[in-house]
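# Coordinates only, no sequence provided:
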């Protein structure tokens, strides 16, 4: 091992590069390339990509850009001063030489640091090219970047190297950063060196990387690989590489029915079993936007008409999971365990990507999306996008451009429900609040762990019900929730207290519950959703139902049983109260202590209210437990790459204790987000507002007369109130004031080849029905006979009738 270079030695060696004949020039922002973009299509593409990396349309002397550019300069200067090339590393804290190269966790770390070394060089190159960094055109910085490229190119990233650790580092992480630097510093890099860097990329990312749409070459990963190939073509002046990148995007566009990609119902899956709209989906959206913009107007423009699927997905797939600027954790997978990136910080890049993608969409789509983005960004009071320190300059510029556009009218949050059967998720929006639900079945994993991340996300798919207010509680899951919450008491879940090991169930979404009945029905305004729950690494089983209504979610559970030798609990809610945690908590009109810790068993409770959050109603009274506590954790507890600094937050938790090894336990409650104490008490006192028609392991159903609504989840066929089904299904009937009714039916199990449903209500005629209805008989009752529903993928079948 050689000794670290001194600062003087390092600069002398960098200067030697210049003496050796490397063409060094000031930044392209100050001196144009010697090759005219009009005469050289690759030069034009380099110019476009530089703009996509560096941003455009903003003043470097105006805030927030002035401060952000200064921060970039500070970061680059620190990297410059710390750089000390030796065998095995470019920075002392970023050693990439693996003494025992393989694919274990240790090797993952070494390969990750190799990729990070290139990312650091990219940061330095950006500071060199950007105005206002204090290092614009700085020759020492330029020489250091060139030296760094040569060091990494000779030490580790070359065409004679065998990869170790994480494939991603070699095929995506490192080459993306390397090629970005090559574009930004193109005129300063000798052609011979560019050729060697391109050869290294060809070695690790050959054309065969996109030959088959399988394995690690699908969805967001495929888009990332295409970015590498396209930029390799741009830097090396290879038309065939750019054409390959363009053509290899096409498999990403069509809707899929299994595996990774976008589904017709708006689902997005990555890693085969993981809902990932807000993480890998964000990467895919951003990557497509950049590639569409790069190639637009060139000989390689993306013209595949199937790209419209991606445009349609902006509102069908991404928008439902964006709320006031945040991207819901239900579709973020392992990313929830990364302390540097909360739900708001994950949402903001999606907003910027939508703006960029809009430049390649129709004028109507572009205007509508910009109006959506303006609404989301303006409403994000908790973490305004323009104050997001992790949002890149280019994204920052796009969002600010939208916010400053007086021609745009912000689009408000819509009302309504979206059900995503293909990824076992749903979202619900009402005036004043929004919610999301996470479940698991034989196609969708309980949770994903991997790379040492999300080690305790075990129960996130066990019916976790998350919710936010319009102008309150938007930091509920952003404010150190994941390292401090009790992972056995996630809101809405039913879970065994059986102790689980970190990463229980296996990496990459390996564990799937052996259940079929997960899903429900929706009329796009309200919904009935159910989950046949089998616990992770547990004997726990339960039937859980949620009825998403106008101002409440009615939650039912039945058939709760386990033989783990451990207590089973259903968590009504677990609210993060922040560092102070003094929100008043009232039960049946009695204020409970603000002291911490405090706990109580609430016997015969009719209702409870947490100030600043909402209310909870227990029909007929219930025995629930309550706890106000301070919880301390570390991000390192749930992510091996996380901070070891302790963080503390106070919580108010409310749960049903089903006891040790329960048999056929049950629960019922209403969640009223944002409700006042008075409204909560009034709902509890109004016993006739809703009726629980059934709450057993066979059926669960409710009726709300004021809404004209009857909804039942039939785990097995039978009669519940006026509804009779001869097989498992989900049903919701709504009578309207105009004398019509809507009947919504689905086959969540995806197994019904026939189904007969009877509604004991006089019906005059059928106004409309889908092709799945083989016959419909009206009169004193409505009798619907369905044909094969197994191919409907759990989608809602809607029948409209006129009442007698």
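In hand now; what should we look at? For clarity, every value in this text was computed on a predicted model and none was experimentally measured. Numbering: from 1, shown residues only.
# just for the stretch 301-450 of the chain, where's the confidence low?
Nowhere does the stretch 301-450 of the chain drop to pLDDT under 70.
# all strands for it, in order.
Remark: strands assigned in the stretch 301-450 of the chain by DSSP state E, counting those that start in this stretch are 322-323, 326-327, 416-420, 425-430, 433-438.
# what's the answer for the stretch 101-250 of the chain, then?
Read by DSSP E, counting those that start in this stretch, the stretch 101-250 of the chain holds no strands at all.
# Look up how far residue 513 lies from residue 535.
8 Å (Cβ to Cβ, to the nearest Å). Where C-beta positions appear, they are placed from N, C-alpha and C, glycine not excepted.
# hang on, isn't residue 200 packed against residue 159?
Yes: here residue 200 lies in contact with residue 159, judged by Cβ atoms under 8 Å, at a distance of 5.3 Å.
# Comparing these two, which residue is more hemmed in?
More neighbours surround residue 200 than the other of residue 200 and residue 159, with 23 against 14 (other Cβ atoms under 10 Å).
# Starting from residue 220, give me the distance back to the more buried one.
For residue 200, the distance to residue 220 equals 23 Å [Cβ to Cβ].
# Over to residue 326?
Distance, residue 326 to residue 220, using Cβ to Cβ: 20 Å.
# Settle it for me: which of the two has more neighbours?
Taking other Cβ under 10 Å, residue 326 and residue 220 do not tie; residue 326 has more neighbours (29 against 25).
# for the protein, what's the longest helix?
Longest helix of the chain, by residue count under DSSP state H: helix 105-129.
# So which bits of that helix are buried?
107-129 (16 or more other Cβ atoms under 10 Å).
# Kindly report the same for stretch 678-685.
If you call a residue buried by 16+ other Cβ under 10 Å, then stretch 678-685 has these buried ones: 680-681, 683-684.
# doesn't residue 70 fall inside a helix?
Yes: using DSSP: H, G, I helix; E, B strand; the rest coil, the assignment for residue 70 is a helix.
# ok, it - contacts?
Residue 70 makes contacts with 132-134, as judged by Cβ atoms under 8 Å, 6 or more residues apart in numbering.
# Just the buried ones from those, in ChimeraX syntax?
For the buried members of the contacts of residue 70, the matching ChimeraX selection, counting by 16+ other Cβ under 10 Å, is:
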select :132,133
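# how about TSV for the contacts of residue 70, with distance to residue 640 and pLDDT added?
Shown next, in TSV, are the contacts of residue 70 (distance: Cβ to Cβ, whole Å; pLDDT from 0 to 100):
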residue	distance to residue 640	pLDDT
132	37	96
133	33	98
134	36	97
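# residues in contact with the residue most central in space within the chain?
Nearest to the mean C-alpha position of the chain, by Cα atoms, centre = their mean, lies residue 278 at 2.1 Å. For residue 278, the contact set (Cβ under 8 Å, 6+ apart) comprises 321, 327-329, 331-332, 335, 343, 346-347, 350.
# Which single one of these is nearest to residue 64?
residue 347 (17.6 Å; Cβ to Cβ).
# and the closest one, how far is that from residue 630?
29 Å.
# Among these two, which residue is more densely surrounded?
Neighbours were counted for residue 347 and for residue 630 using other Cβ under 10 Å; residue 347 has more, 27 against 14.
# Hmm, that one is touching residue 332, no?
No: contact criterion Cβ under 8 Å: residue 347 and residue 332 do not qualify, at 9.8 Å.
# In the chain, which strand is the longest?
Longest strand of the chain, by residue count under DSSP state E: strand 614-633.
# surely residue 273 meets residue 509?
Yes: between residue 273 and residue 509 there is a contact under Cβ under 8 Å: 4.0 Å.
# tell me, what's touching the two both at once?
With Cβ under 8 Å, 6+ apart as the test, residue 273 and residue 509 both reach 445, 448.
# residue ranges of the helices in the stretch 201-350 of the chain, please?
Ranges of helices within the stretch 201-350 of the chain are 219-236, 239-248, 280-295, 308-313, 343-358, based on DSSP state H, counting those that start in this stretch.
# Please apply the same query to the stretch 51-200 of the chain.
Assigned by DSSP H, counting those that start in this stretch, the helices in the stretch 51-200 of the chain fall at 65-82, 105-129, 139-155, 167-168, 174-184, 191-204.
# For these, could you give me a markdown table that also reports distance to residue 592?
Formatted as a markdown table, the helices of the stretch 51-200 of the chain follow (distance: least, Cβ to Cβ, whole Å):
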| stretch | distance to residue 592 |
| --- | --- |
| helix 65-82 | 45 |
| helix 105-129 | 46 |
| helix 139-155 | 60 |
| helix 167-168 | 49 |
| helix 174-184 | 53 |
| helix 191-204 | 60 |
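# among those, which is nearest residue 600?
Across the helices of the stretch 51-200 of the chain, the minimum distance to residue 600, taken as Cβ to Cβ, is reached by helix 105-129, at 43.8 Å.
# Now that closest one: average pLDDT?
If you average the pLDDT over helix 105-129, you get 97.
# any weak-confidence spans in the protein?
1-38.
# redo that, cut-off 80
The chain contains residues with pLDDT under 80 at 1-39.
# Give the closest residue to residue 131 in space, chain neighbours not counted.
residue 60 (4.3 Å; Cβ to Cβ, 6 or more residues apart in numbering).
# Any idea how many residues pack against that neighbour?
16.
# Can you give me the distance of residue 463 to residue 628?
Distance from residue 463 to residue 628, by Cβ to Cβ: 24 Å.
# out of those two, which sits in the more crowded spot?
A side-by-side neighbour count of residue 463 and residue 628, using other Cβ under 10 Å, places residue 463 first with 29 against 22.
# tell me the contacts of that one?
Residue 463 sits next to 437-439, 492-494, 531, 533, 544, 546 when contact means Cβ under 8 Å, 6+ apart.
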